[in-house]
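Undergrad: curious how this folds, go ahead:
(2 chains)
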Amino acid sequence: MLLLLTILIVNRGLPTGLEPVTVPLLNHMSLLFIPAGTGIIMYADLITAEWIAIVGAIVVSTLAALLTTAATFSVLQPMTPEIASTTDQTEAAVKGDTRD
Amino acid sequence: MIDWLTTETLSSLPVTLLAYCLALCVYHLSGKSTLANPVLLGMVFVIVYLWVSNTPYSAYFEGARIIHLLLGTATVALAVPLYMYIEHLKRSMLPILVSVFSGALAAALTATVTVALLGGSKLTLLSLVSKSTTTPVAMAITEQMGGLPALTAVAVIITGILGAIAGLTVLRVVGVTNPRARGLAMGVAAHGIGTARAFQIDPELGAYSGLAMGLSAVFTALLVPLLWYMLNPLLTG
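TA: The predicted structure follows:
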């Protein structure tokens, strides 16, 4: 993923031929998790025994991630000068990715 | 015996595809409700099929392996949406990188500590440490560390659903109003499911969430193995 990202940055754009492959693949990514995820039935005993730790970790770390990210950004952002964005490019980039 | 095994293995692909199509139907019928997550629903349908037909999971997985293998390809393809959001990064590079990094670190650390404190096993700990990241990356990390990718997948989805449902409310309650801070927080805490929710509210929120999701996947993949080597001696005594 990092390698492809580096290539895209160096290349300054998506090469033709990449989009027809990646768009359907990413749109139907959910399908790809099903075989591995179904494996959860093998671990019913583990989950029954440790559900408190599992649920606890999910709740605590979701809250921690939300608050840490928002707080850090809110503190740092006013301290750094903002670089004017190239609005046209940004909008084009966002439009290209909202199709799912 | 061989015939019996082959029949079971052969049914894996159509069953998985059918389960996915059904799940998508329910998802669209529910008005794209966060609770009707297609992965979770698809898994439930496959599990029901395995249970009714009395098929062992190992036989099913053997047949569905080709779908599973595409997951690696899709993970590489994640670079494309990340590249599309990267324009946003240029506006305030340092605050975004530092806040996403801190968020990813906080998620991994608190998950580890909470599992350890609540008496979870090492296997559970290994499977949950990367669970704030997008599913393919989280599963790859877990696999590498020797955890249970299936448990990771389920934990990641539940995390995403929780973050998508409660995230913006929590941020409002604590007084975070900056849409960029809100978007970044959603992306770090609730990855793809949170990003989908953010896009429903506002495109800027969605774009920042998508950017944060991609960056935090990169950070988590680099951080978690490192963190593990540092914390492992402490946790195992």
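Undergrad: which strand or helix spans residue 13?
TA: Since no chain was named, I'll use chain A. For A:Gly13, there is no host helix or strand (DSSP states H and E).
Undergrad: ah, I was thinking of chain B
TA: Per DSSP H and E: helix B:2-29 holds B:Leu13.
Undergrad: helix or strand next in line after that helix, which one?
TA: Following helix B:2-29 toward the C-terminus (DSSP H and E): helix B:38-53.
Undergrad: the least confident helix or strand in chain B by mean pLDDT near chain A at all?
TA: Using mean pLDDT, DSSP states H and E, the weakest-scoring helix or strand in chain B turns out to be helix B:79-89, at a mean of 79. Yes. Contact of helix B:79-89 with chain A (C-beta under 8 Å from any C-beta of the partner chain) involves B:79-88. C-betas here are computed from N, CA, C, even on glycine.
Undergrad: alpha carbons only: can I get that helix in CSV?
TA: In CSV, the C-alpha atoms belonging to helix B:79-89 read as follows (Å, rounded to 0.1, in the frame of the first residue of the first chain):
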residue,chain,number,x,y,z
ALA,B,79,-3.5,3.5,-1.5
VAL,B,80,-5.8,5.0,-4.2
PRO,B,81,-8.4,6.6,-1.8
LEU,B,82,-5.6,7.7,0.5
TYR,B,83,-3.9,9.4,-2.4
MET,B,84,-7.2,11.1,-3.3
TYR,B,85,-7.4,12.6,0.2
ILE,B,86,-3.8,13.6,0.5
GLU,B,87,-4.5,17.1,-0.9
HIS,B,88,-6.1,17.9,2.4
LEU,B,89,-3.0,16.9,4.2
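Undergrad: for it, packing partners?
TA: helix A:2-11, helix A:19-27, helix A:87-95, helix B:93-117, helix B:203-235 (3 or more C-beta pairs under 8 Å, 6 or more residues apart in numbering or on different chains; DSSP states H and E).
Undergrad: now with 10 Å, please.
TA: helix A:2-11, helix A:19-27, helix A:87-95, helix B:93-117, helix B:179-201, helix B:203-235 (3 or more C-beta pairs under 10 Å, 6 or more residues apart in numbering or on different chains; DSSP states H and E).
Undergrad: out of those helices, which gets the lowest mean score?
TA: Ranked by mean pLDDT, the helices and strands packed on helix B:79-89 bottom out at helix A:87-95, which scores a mean of 45.
Undergrad: who are the contact partners of the most centrally placed residue in chain B?
TA: With distances taken as C-alpha atoms, centre = their mean, the residue of chain B nearest its centroid is B:Thr135 (2.9 Å). Neighbour list for B:Thr135: A:29-30, A:32-33, A:36-37, B:39, B:71, B:74-75, B:149, B:152-157, B:159-160, B:191-193, B:217 [criterion: C-beta atoms under 10 Å, 6 or more residues apart in numbering or on different chains].
Undergrad: tell me the spatial nearest neighbour of it, not counting adjacent residues.
TA: B:Val156 (4.8 Å; C-beta to C-beta, 6 or more residues apart in numbering or on different chains).
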